[in-house]
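Chemist: my questions concern the predicted model and sequence given below.
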Amino acid sequence: MNRGPFLINCSQSLRYMKTALYGILPLFLLLFLPGIFVSQKHQNLNTNITKRSFASEKKNGDNPYYIIISKKNYELKVYDDLGWYATYPCVFGSNDLSDKLMEGDKRTPEGQFRVVLKKNAKWAYELLLDYPNQQSVEKFRQRKARGVIPGNARIGGGIAIHATRPQEEWTVDYYQNWTDGCISLKYSEAKDLYSYIPVGTPVTITK
């Protein structure tokens with residue numbers, strides 16, 4: 001039996017397959033390997049503040065600002081009378097990013113709050129929020145009634161927007177949730193936010 005043409009055809013087919021493989025392999029590496037080996041949540045994205053070049057002017061002492069914090073996006077956004085003004089990357093407490101249930105769970109509460117105090121103490125450039133407010137207390141009572149949390153649980157407090165330590169801004173770059181439930185910005189960017197956000201500013205925290 002003559003196998004010559006068969007072997008030649010096989011050899012040619014293998015060459016074609018190798019050529020195709022070498023052509024596809026670089027494209028595969030480019031498209032898929034970054035997603036396989038690097039988790040976006042833990043890579044350094046060099047996150048920094050983005051900001052409009054000017055802010056609306058305060059009139060007669062009025063406060064034009066309000067803040068919206070998105071836990072899933074790791075962002076604190078500031079708005080004024082003209083619309084979006086600035087975006088700051090931020091991190092939180094618990095990694096599951098769910099709503100705060102009780103004292104000690106390290107979760108960041110969701111809801112409508114206000115800045116009630118500005119201080120530069122243990123955590124520099126701190127904007128203290130009015131947690132627990134009436135909305136928070138009502139949710140806490142309902143969860144106790146449903147048995148979601150223990151009957152002896154306490155609601156907690158001391159939730160604030162504050163800075164990292166000066167040498168630990170990397171925690172925000174790498175999305176490291178490290179607080180006890182507070183919202184943490186980079187040290188330099190928390191200083192910027194602190195410089196113009198007054199007491200009374202509304203703050204909404206969402207999932």
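Modeler: Okay, I see it.
Chemist: how about the helices in this structure?
Modeler: Applying DSSP state H to the chain gives helices spanning 4-37, 134-145, 170-173, 187-196.
Chemist: buried sites along the third one?
Modeler: Going back to what we said before, that points to helix 170-173. If you call a residue buried by 16 or more other C-beta atoms under 10 Å, then helix 170-173 has these buried ones: 171-173. Every C-beta, even on glycine, is put in place using the N, C-alpha and C of the backbone.
Chemist: distance of the residue nearest the centre of the chain from residue 49?
Modeler: For the chain, the residue whose C-alpha lies nearest the mean C-alpha position (C-alpha atoms, centre = their mean) is residue 74; its distance is 1.2 Å. Distance of residue 74 to residue 49, computed by C-beta to C-beta, to the nearest Å: 13 Å.
Chemist: re earlier: between the buried residues of helix 170-173, which sits nearest residue 65?
Modeler: For the buried residues of helix 170-173, the minimum distance to residue 65 (C-beta to C-beta) is 21.3 Å, reached by residue 172.
Chemist: mind checking how far the closest one is from residue 101?
Modeler: In this view, residue 172 and residue 101 are 25 Å apart by C-beta to C-beta.
Chemist: ditto for residue 151
Modeler: Per C-beta to C-beta, residue 151 is found 13 Å from residue 101.
Chemist: look at those two and report which has more neighbours.
Modeler: residue 101 (19 against 7; other C-beta atoms under 10 Å).
Chemist: let me see the contact set for residue 146.
Modeler: Residue 146 is in contact with no residue at all, counting by C-beta atoms under 8 Å, 6 or more residues apart in numbering.
Chemist: tell me which residues touch the closest residue to residue 108 other than its chain neighbours, please.
Modeler: Distance criterion C-beta to C-beta, 6 or more residues apart in numbering; nearest residue to residue 108, sequence neighbours excluded, is residue 92 at 4.3 Å. By C-beta under 8 Å, 6+ apart, the residues touching residue 92 are 71, 74, 107-108, 177, 179, 181-184.
Chemist: can you select the buried ones among those residues for me in ChimeraX?
Modeler: Buried residues among the contacts of residue 92 (16+ other C-beta under 10 Å), as a ChimeraX selection:
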select :71,74,107,108,177,179,181,182,183,184
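Chemist: residues contacting the closest residue to residue 143 other than its chain neighbours?
Modeler: Spatially, and ignoring its direct neighbours in sequence, residue 143 is nearest to residue 149 (5.1 Å; C-beta to C-beta, 6+ apart). Contacts here follow C-beta under 8 Å, 6+ apart; on that basis residue 149 touches 101-102, 140, 143.
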